[in-house]
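S.K.: sequence plus the predicted model coming up.
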Amino acid sequence: RMMSFFFFFFALTLSLTAEEASDEKDITDNSDQKDPAEGYWIATNQFTGEHLCGWKFFVRNGKLCGIILSAQLSDSSTLSLRAHSSYPDFPVTGDIRKMKLFGTPWIYGLEKKADGVWRNGYIINPDDGNIYRCDITYHKADGIRHIKDYVQMHGTLLRLGLGASQKWPAGTKEEAEGIK
């Protein structure tokens, strides 16, 4: 499936219009100060380690956001047809079903609690339209169990309370943009 990378869960804040989201502007470059959670992350199959999609996390208006840069079996024209038309506090105006998979803030609204610790945001699975409460915590590589930095993501399905966690390793820009 196009977006099987969300097989457990997932949903951050941008202040732009749907037209701006579809333009190829760099909406992520707004600060010289970087939180350790900002950067490129690779969503992986937690059982096989297969790379499923590449993300870029960034802070916009004090909130952590995340956009998909590449994904298996998807390209820059792929739309999020299974998403709902709107979501609570979604940072982009317009019908979300008509937004592109790449460049739309599927992770949004996370509030900083400490360096690398973000809470109370959302992640949307554009493959099925589900929205989850989302917390993200950055972890530095320990050189033993984890050879790369990673983010621990925890999502809880709204209204049902079902949750799961995933670890996404750090990647380069090229890796995050190169998943096919």
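M.R.: That came in fine, so what should we check first? Numbers count the residues shown, from 1 in each chain.

S.K.: you'd agree residue 162 is up against residue 154?
M.R.: No. With contacts counted by C-beta atoms under 8 Å, residue 162 stays clear of residue 154, the gap being 11.7 Å. Heads up, the C-betas are built off the backbone N, CA and C, glycines and all.

S.K.: between these two, which is the more surrounded one?
M.R.: Each of residue 162 and residue 154 has its neighbours counted (other C-beta atoms under 10 Å); residue 154 has more, 17 against 13.

S.K.: burial check on residue 78, number of neighbours?
M.R.: The local packing of residue 78 (other C-beta under 10 Å) involves 16 other residues.

S.K.: so it sits against residue 102, correct?
M.R.: Yes. Counting by C-beta under 8 Å, residue 102 is a contact partner of residue 78 at 7.2 Å.

S.K.: quick check: neighbours shared by the two?
M.R.: Common neighbours of residue 78 and residue 102, using C-beta atoms under 8 Å, 6 or more residues apart in numbering, are residue 71.

S.K.: tell me the contacts of residue 54?
M.R.: Under the criterion of C-beta under 8 Å, 6+ apart, the neighbours of residue 54 are 40-43, 68-71, 171, 175-179.

S.K.: out of these, which end up buried?
M.R.: When those are checked for burial by 16 or more other C-beta atoms under 10 Å, the buried set is 40, 41, 42, 43, 68, 69, 70, 71, 171, 175, 176, 179.

S.K.: which single one of those is nearest to residue 92?
M.R.: Minimum distance to residue 92 across those is 13.7 Å, recorded for residue 68 (C-beta to C-beta).

S.K.: Three-state assignment for that closest one, please.
M.R.: Following DSSP: H, G, I helix; E, B strand; the rest coil, we place residue 68 in the strand state.

S.K.: so it makes contact with residue 104?
M.R.: Yes. The criterion here is C-beta under 8 Å, and residue 68 meets it with residue 104 at 7.5 Å.

S.K.: picking up where we left off before, out of the buried ones among the contacts of residue 54, which are inside helices?
M.R.: Among the buried ones among the contacts of residue 54, the members falling in helices (DSSP state H) are 175, 176.

S.K.: any chance of the buried ones among the contacts of residue 54 in JSON lines, plus pLDDT and distance to residue 141?
M.R.: What follows is the buried ones among the contacts of residue 54, written out as JSON lines (pLDDT from 0 to 100; distance: C-beta to C-beta, whole Å):
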{"residue": "40", "pLDDT": "98", "distance to residue 141": "15"}
{"residue": "41", "pLDDT": "98", "distance to residue 141": "13"}
{"residue": "42", "pLDDT": "98", "distance to residue 141": "14"}
{"residue": "43", "pLDDT": "96", "distance to residue 141": "18"}
{"residue": "68", "pLDDT": "97", "distance to residue 141": "24"}
{"residue": "69", "pLDDT": "98", "distance to residue 141": "22"}
{"residue": "70", "pLDDT": "97", "distance to residue 141": "23"}
{"residue": "71", "pLDDT": "96", "distance to residue 141": "25"}
{"residue": "171", "pLDDT": "97", "distance to residue 141": "13"}
{"residue": "175", "pLDDT": "97", "distance to residue 141": "16"}
{"residue": "176", "pLDDT": "98", "distance to residue 141": "17"}
{"residue": "179", "pLDDT": "96", "distance to residue 141": "21"}
